[in-house]
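Chemist: Need a 3D model of the following:
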Amino acid sequence: MQLHVIARGKIGRSPEAELVDRYARRLETGSIGPLRLTELPDRGGTPPPVPPGGLRNVVLDERGRVLASSALAQVLERWRDDGVREVRFWIGAADGHDAALRDSADLLLGFGAMTWPHMLARAMLAEQLWRAASILSGHPYHREG
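Modeler: Just a heads-up that it's a prediction; the model follows:
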């Protein structure tokens, strides 16, 4: 299963970009698939074409569901086991997402009530995807047990 982060704005060369790259490398051999990043301009731009087969959209939004790491891992595991080929994680610009994208989401996901800069949101998401892969691989998770 391909994990695909589609984010508004450029992350450039920054400490946050280094974190995203670090977790992307860890996910290359993970139990839920590699991580790909597509950057779109703050407004406009064309998202990548939809691949054949299953696709799920996860929209990061301050009004989204706040999930424990293990719960996110379970969602991804279920989608992987159901044959989903790609999960797209949408990170918006300063104005967030349009209503159509939010309404079409398979999961509206939040990192809490606080607003996060898009660069930090990418790093936090990449870390949580790596953590989900670790949980699904049977690695001990420090908060459970």
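Chemist: wait, is residue 64 part of a strand?
Modeler: Yes. Looking at residue 64 with DSSP: H, G, I helix; E, B strand; the rest coil, it is inside a strand.
Chemist: contacting residues for it?
Modeler: 107-110 (CB atoms under 8 Å, 6 or more residues apart in numbering). Just so you know, the C-beta spots here come from the backbone N, C-alpha and C atoms, and that holds for glycine as well.
Chemist: one more time with 7 Å
Modeler: 108-110 (CB atoms under 7 Å, 6 or more residues apart in numbering).
Chemist: now residue 11
Modeler: 17, 20, 39, 119, 122.
Chemist: 10 Å instead?
Modeler: Residues in contact with residue 11 (CB atoms under 10 Å, 6 or more residues apart in numbering) are 17-21, 37, 39, 118-119, 122-123.
Chemist: hmm, back to that, now the contacts of residue 64 in a markdown table, with secondary structure, distance to residue 26 and pLDDT?
Modeler: Shown next, in a markdown table, are the contacts of residue 64 (DSSP: H, G, I helix; E, B strand; the rest coil; distance: CB to CB, whole Å; pLDDT from 0 to 100):
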| residue | secondary structure | distance to residue 26 | pLDDT |
| --- | --- | --- | --- |
| 108 | strand | 26 | 97 |
| 109 | strand | 20 | 97 |
| 110 | coil | 24 | 95 |
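Chemist: re the thing from before, let's see which of the contacts of residue 11 end up in helices.
Modeler: 17-21, 118-119, 122-123 (DSSP state H).
Chemist: which of the residues you listed are buried?
Modeler: 17, 19-20, 118-119, 122-123 (16 or more other CB atoms under 10 Å).
Chemist: residue ranges for the helices of the chain, please.
Modeler: Going by DSSP H, the chain shows helices at 15-27, 69-81, 99-104, 118-136.
Chemist: Nearest to residue 3, out of those?
Modeler: helix 118-136 (5.6 Å; CB to CB).
Chemist: ok now that closest one, how far from the chain's centre?
Modeler: Distance, stretch centre to chain centre, for helix 118-136: 7 Å (CA atoms, centre = their mean, to the nearest Å).
Chemist: Now do that helix: which elements does it pack against?
Modeler: Using 3 or more CB pairs under 10 Å, 6 or more residues apart in numbering; DSSP states H and E, the elements in contact with helix 118-136 are strand 2-8, helix 15-27, strand 35-40, strand 54-65, helix 69-81, strand 84-91.
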